[in-house]
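**Q** any chance you could fold what I've pasted below:
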Amino acid sequence: MSKDDFNQKIVSVAAQVFNRFGYKKTTMDEIAAELGKGKSSIYYYFKSKEEIFKAVVEKEANFLRAEVRKSFENVNDPKEQIKNYVLTRMKAYKKVINFNNAMKDDILLHMDFVKKIRSRFDLYEIELLKKILEDGVKSGEFAIEDPNMASIGIATALKGLEVPILESTKDEDIEMRLDNLLHILFNGIIKR
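**A** Alright, predicted model coming up:
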């Protein structure tokens, strides 16, 4: 096995162990045991548990970015792009457990790398949404004066749905909540 392959194997196995026990309760011994190797082989690649966790969270953040980007690449209708984006984002969010834990755990949020990863993801998400909204304005589909502020608002609303969606066990519940959000987004709340 190449060095890169073994490095990735450590990250994948560590992700499972962190999922099972959480960051605080996971030890290097448990990661090594799950790998079937000694701790020294892990220390060759990573200096600490924190460094492994950083690699795990970055891998999950990259997965989340890739999933949301793919969700609308081959869709031309801006309303469908937003719908696909929102649905894909929330479904993918349920798969990145360590990323979620890092973003909501008060202790983990104090780690500099967690703040940076969250900030990069937030900026990435706002830029993607802004592009969709700008394309919608150009096509005449959306009437938005400030696509940047609108993208920040949508990203904020999505963050507000993260916890209820993570707690939901049914995809139908997720889609119902997101459909309601999209209905309000597209139609507003004012009677016309």
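
**Q** over to residue 189. Which of the three states is it?
**A** Under the three-state scheme (DSSP: H, G, I helix; E, B strand; the rest coil), residue 189 adopts coil.

**Q** tell me how many other residues surround it.
**A** Using other C-beta atoms under 10 Å, residue 189 has 6 other residues around it. C-beta: built from backbone N, CA, C; applies to glycine.

**Q** what pLDDT does it get?
**A** pLDDT for residue 189: 74.

**Q** domains for the chain, by residue range?
**A** Structurally, the chain divides into domains by automatic domain parsing as follows: 1-47, 53-187.

**Q** the shortest one: end-to-end distance?
**A** Separation of the first and last residues of domain 1-47 by C-alpha to C-alpha, to the nearest Å is 21 Å.

**Q** how distant is it from the center of its chain?
**A** With C-alpha atoms, centre = their mean, to the nearest Å as the basis, domain 1-47 stands 22 Å off its chain's centre.

**Q** for the helix or strand that contains residue 102, buried residues please.
**A** Per DSSP states H and E, residue 102 falls inside helix 97-104. By neighbour count on 16 or more other C-beta atoms under 10 Å, the buried set for helix 97-104 is 97-103.

**Q** one more: stretch 77-90?
**A** Buried residues in stretch 77-90 (16+ other C-beta under 10 Å): 78, 81-90.

**Q** do the same with stretch 48-66
**A** So stretch 48-66, judged by 16+ other C-beta under 10 Å, has buried residues 49, 52-61, 64-65.

**Q** picking up where we left off before, ok, the buried residues of helix 97-104 vs residue 41, which is closest?
**A** For the buried residues of helix 97-104, the closest approach to residue 41 (C-beta to C-beta) belongs to residue 98, at 21.6 Å.

**Q** which stretch in the domains of the chain is the model least sure about?
**A** Mean pLDDT, when computed for each of the domains of the chain, is lowest for domain 53-187, at a mean of 86.

**Q** who's in contact with the residue nearest to residue 186 when sequence neighbours are not counted?
**A** Among residues not flanking residue 186 along the chain, residue 79 sits closest, at 6.4 Å (C-beta to C-beta, 6 or more residues apart in numbering). Residues in contact with residue 79 (C-beta atoms under 8 Å, 6 or more residues apart in numbering) are 136, 141, 186.

**Q** compare these and tell me which is most surrounded.
**A** residue 136 (20 neighbours).

**Q** isn't it up against residue 143?
**A** No - Residue 136 is not in contact with residue 143 according to C-beta atoms under 8 Å; the separation is 9.1 Å.

**Q** could I get the buried residues of stretch 77-90 as CSV with distance to residue 10 and secondary structure?
**A** Converted to CSV, those look like this (distance: C-beta to C-beta, whole Å; DSSP: H, G, I helix; E, B strand; the rest coil):
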residue, distance to residue 10, secondary structure
78, 42, helix
81, 37, helix
82, 38, helix
83, 38, helix
84, 34, helix
85, 32, helix
86, 34, helix
87, 32, helix
88, 28, helix
89, 28, helix
90, 29, helix
